[in-house]
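>>> Got a sequence here, can you model it:
(chains A, B, C and D)
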2 protein chains.
Amino acid sequence: MIDYNHPAFQYYQNVSEQCIHYLSIDGVIFGFHQNQLKVLLLRWKGTDEWSLPGGFILKTESVDLAAQRIIKERTGLQTLYLQQFHVFGETVRYNQEETWAKINLPIQGINWSERTISIGYYALVEYAEVVPATDFLTEECRWWSLDAIPALLFDHNHIIEVALQSLRKNVGDQPISHLLPDTFTIPELQRLYETILGHSLDARNFYKKIMAQNNLERLAERRAGTPHKAPYLYRFKVAFSER
Amino acid sequence: MIDYNHPAFQYYQNVSEQCIHYLSIDGVIFGFHQNQLKVLLLRWKGTDEWSLPGGFILKTESVDLAAQRIIKERTGLQTLYLQQFHVFGETVRYNQEETWAKINLPIQGINWSERTISIGYYALVEYAEVVPATDFLTEECRWWSLDAIPALLFDHNHIIEVALQSLRKNVGDQPISHLLPDTFTIPELQRLYETILGHSLDARNFYKKIMAQNNLERLAERRAGTPHKAPYLYRFKVAFSER
DNA sequence: TACCTTTATGTCAAAAGTACGCAAAGATGT
DNA sequence: ACATCTTTGCGTACTTTTGACATAAAGGTA
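Model prediction:
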């Protein structure tokens, strides 16, 4: 049953020695593109099965840094805004047999993980700066619109759901600026809030509210090429984009 | 250096076999008494050192249930409102040598915990229903007012701080009723909000706001023995106290 | 140039939050 | 017995925030 030459076996043997058992990290990487909230997902080799990026914590590494490392590897980003949002600690989080069958790895007998407790982190990243990269177990890494996500491996649909709820609840004090390019228009910012909150907002009231916070500076430039009135470009004031 | 007959050694040997390594739970148990927010702490045998209650997760046990078990053992309560609030995952959370010296256990060589990642839970409990109970490493278990907490073992002062911030932030959707006895007066409820929020409130506006929520029912009875006008007793309506 | 859509602002009323007035209740001191 | 004091319970008025909606300017399309 176990193929001792398969790279997965060697990976898990490595992990087994150097990482903390029973514990993992799953990352929900949020991006924003074409007025839609997106999540970065991985397709496992030789399958049509997708999952969140994840990984294990080195025995010598802080949990936050492990999350940074894992997510940096998939995005190529140097700096990251990360937020721990929940620990998934049920004894049975998903149907293990079914899942192992789907990912089809010849290492099912290894005594690594009768169960795994997963610490969930979400990242807010700028879509255009991400260079999606697979790991050795996967062969495709790409963005999915939040409303088009397929049935994922493990309990990852659930994890995304909880991440989104957490983001929604804390949207007021999260640095939303990380999801946007340096310059953007007010309507674009509005679409972002709308997709996070899950409902539409009145453009006039949104404008008023955003302006009242005094976080934005308007540039002289306008967004060209729009079919209608060209909107001004804005930028977060330094103190706020650095958060 | 290691006393193989010391109960702590046997405990850790047990834990080492049956529990998940590198991972623990710490519980911040909030109670409310005499208009003060309190936390339940343990004093370690033969020392003047205090810590939060904590423990380890059985390999076969969900994290939430482990937290329940650990906190039930210290409080004697059958039902508990628990809230996971943060994972403390730094590689160096406190000065280990200093701490081991303080708790003075003859098991310092055991290779159990080079480091521990701790999942923080807070509990909201009714002060009067708690029967504090020590474990085999401690000899005193009692309530401390939040503003009189001494320097604790490990990073437990920090954990309490983070728990309080979390409670404060979420006070709006937490079932505060669990911190109060079945019946209470409006001024008592106000003191509770004041200690959680950390600032005083206007009694008249507080009354209006609470009443607008329509969660309380007023009893015919009044609180006797007060030096001034006897306040009415109230009770949370069933739908709210059951949350 | 008429027309259409979107942006950028403005107005106004409803709702929520804040400041503060005050009478009734109940204990205390004389 | 009665004035005094504090606290409770409820009310009024002002301010700030939120939400609904009007409209002119901008910029493309027919």
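>>> going forward, measure contacts and count neighbours with C-alpha atoms only.
Will do.
>>> Roughly how far does A:Leu105 sit from A:Thr134?
Going from A:Leu105 to A:Thr134 by Cα to Cα, to the nearest Å gives 17 Å.
>>> A:Val15 now?
Distance of A:Val15 to A:Thr134, computed by Cα to Cα: 18 Å.
>>> domain assignment for chain A?
Domains of chain A are assigned by automatic domain parsing as A:7-172, A:180-241.
>>> end-to-end on the longest one?
In this case it means domain A:7-172. One end of domain A:7-172 to the other measures 44 Å (Cα to Cα).
>>> what sits against the nearest residue to A:Pro132 once chain neighbours are set aside?
Spatial nearest neighbour of A:Pro132, chain neighbours left out: A:Thr75 (4.9 Å); criterion: Cα to Cα, 6 or more residues apart in numbering or on different chains. Contacts for A:Thr75 (Cα atoms under 8 Å, 6 or more residues apart in numbering or on different chains) come out as A:Val130, A:Val131, A:Pro132, A:Ala133.
>>> do that again at 6 Å, thanks
Taking Cα atoms under 6 Å, 6 or more residues apart in numbering or on different chains, we find A:Thr75 in contact with A:Val130, A:Val131, A:Pro132.
>>> repeat for A:Ser62
Residues in contact with A:Ser62 (Cα under 6 Å, 6+ apart) are B:Gly89, B:Glu90, B:Thr91.
>>> Using a markdown table, lay out the residues you listed together with secondary structure, neighbour count and distance to chain A.
As requested, these are arranged in a markdown table below (DSSP: H, G, I helix; E, B strand; the rest coil; neighbours: other Cα atoms under 10 Å in any protein chain shown; distance: Cα to the nearest Cα, whole Å):
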| residue | secondary structure | neighbour count | distance to chain A |
| --- | --- | --- | --- |
| B:Gly89 | coil | 21 | 5 |
| B:Glu90 | coil | 17 | 5 |
| B:Thr91 | coil | 17 | 5 |
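>>> which residues in chain A form helices?
Ranges of helices in chain A, per DSSP state H, are A:7-18, A:63-75, A:96-103, A:156-170, A:186-197, A:203-213, A:238-241.
>>> roughly how far apart are A:Cys141 and DNA strand D?
35 Å (Cα to the nearest atom of the strand, to the nearest Å).
>>> wait, that residue sits on A:Trp44?
No: counting by Cα atoms under 6 Å, A:Cys141 does not reach A:Trp44; the two are 9.2 Å apart.
>>> which ones are touching the residue nearest in space to the middle of chain A?
Against the mean C-alpha coordinate of chain A, by Cα atoms, centre = their mean, the closest residue is A:Ile29 at 1.1 Å. For A:Ile29, the contacting residues are A:Val39, A:Leu40, A:Tyr122, A:Ala123, by Cα under 6 Å, 6+ apart.
>>> List the residues that contact the residue lying closest to the first one once chain neighbours are set aside.
The shortest distance from A:Val39 to any residue other than its chain neighbours is 4.9 Å, reached at A:Phe30 (Cα to Cα, 6+ apart). Under the criterion of Cα under 6 Å, 6+ apart, the neighbours of A:Phe30 are A:Lys38, A:Val39, A:Ala123, A:Leu124.
>>> From those, pick the one nearest B:Ile57.
Nearest to B:Ile57 among the contacts of A:Phe30 is A:Ala123, at 28.0 Å by Cα to Cα.
>>> Please report the distance of that closest one from chain B.
Going from A:Ala123 to chain B by Cα to the nearest Cα, to the nearest Å gives 17 Å.
>>> Show me what A:Val28 is bridged to.
Beta-bridge partners for A:Val28, by DSSP bridges, are A:Tyr122.
>>> Would you check that it makes contact with A:Gly120?
No: using Cα under 6 Å as the test, A:Val28 is too far from A:Gly120 to be in contact (7.6 Å).
>>> Please report phi then psi for whatever residue of chain A ends up closest to DNA strand D.
Going by Cα to the nearest atom of the strand, DNA strand D is nearest to A:Lys229 of chain A, at 3.4 Å. Dihedral angles of A:Lys229 (phi, psi; degrees, to the nearest 10) stand at phi -50, psi 130.
>>> Which residues are in contact with it?
By Cα under 6 Å, 6+ apart, the contact set of A:Lys229 is empty.
>>> try A:Leu41
Going by Cα under 6 Å, 6+ apart, the list of residues near A:Leu41 reads A:Ser51, A:Leu52, A:Cys141, A:Arg142.
>>> Any regions of chain A where pLDDT drops low?
Chain A contains residues with pLDDT under 70 at A:1, A:107-113, A:239-243.
>>> What residues does it have near DNA strand C?
A:185-187, A:203-205, A:207-208, A:227-233 (Cα under 7 Å from any atom of the strand).
>>> ok, 6 Å please
By Cα under 6 Å from any atom of the strand, the residues of chain A that approach DNA strand C are A:Ile186, A:Pro187, A:Arg204, A:Asn205, A:Tyr207, A:His228, A:Lys229, A:Ala230, A:Pro231, A:Tyr232.
>>> If you tally nearby residues, what's the number for the fourth one?
This points to A:Asn205. Other residues near A:Asn205 come to 10 when the count uses other Cα atoms under 10 Å in any protein chain shown.
>>> what about stretch A:176-185, how long is it end to end?
Distance between the two ends of stretch A:176-185: 14 Å, counting by Cα to Cα.
>>> got a list of contacts for that stretch?
Stretch A:176-185 has contacts (Cα under 6 Å, 6+ apart) with A:Gly31, A:Phe32, A:Leu124, A:Val125, A:Glu126, A:Leu233, A:Tyr234, A:Arg235, A:Ser241.
>>> Farthest pair within those?
By the measure Cα to Cα, A:Leu124 and A:Leu233 form the most distant pair in the contacts of stretch A:176-185, at 21.2 Å.
>>> higher neighbour count, those two?
Neighbours were counted for A:Leu124 and for A:Leu233 using other Cα under 10 Å; A:Leu124 has more, 23 against 20.
>>> Just the CA coordinates for stretch A:80-100, please, in PDB.
Extracted C-alpha coordinates of stretch A:80-100, given in PDB (Å, rounded to 0.1, in the frame of the first residue of the first chain):
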ATOM      1  CA  LEU A  80       1.600  39.700   4.000                       C
ATOM      2  CA  TYR A  81      -1.300  40.800   6.100                       C
ATOM      3  CA  LEU A  82      -2.400  37.700   8.000                       C
ATOM      4  CA  GLN A  83      -5.100  37.200  10.500                       C
ATOM      5  CA  GLN A  84      -5.700  34.100  12.600                       C
ATOM      6  CA  PHE A  85      -9.400  33.500  12.700                       C
ATOM      7  CA  HIS A  86     -10.300  30.100  14.100                       C
ATOM      8  CA  VAL A  87      -9.000  26.700  15.300                       C
ATOM      9  CA  PHE A  88     -10.800  23.700  13.700                       C
ATOM     10  CA  GLY A  89     -10.400  21.100  16.300                       C
ATOM     11  CA  GLU A  90     -13.200  18.500  15.800                       C
ATOM     12  CA  THR A  91     -12.100  14.900  16.000                       C
ATOM     13  CA  VAL A  92     -13.900  14.100  12.700                       C
ATOM     14  CA  ARG A  93     -13.700  17.100  10.400                       C
ATOM     15  CA  TYR A  94     -14.400  15.300   7.100                       C
ATOM     16  CA  ASN A  95     -14.700  11.800   5.700                       C
ATOM     17  CA  GLN A  96     -11.100  10.600   5.800                       C
ATOM     18  CA  GLU A  97     -11.500   7.500   3.600                       C
ATOM     19  CA  GLU A  98     -13.400   9.300   1.000                       C
ATOM     20  CA  THR A  99     -10.800  12.200   0.900                       C
ATOM     21  CA  TRP A 100      -7.800   9.900   0.800                       C
END
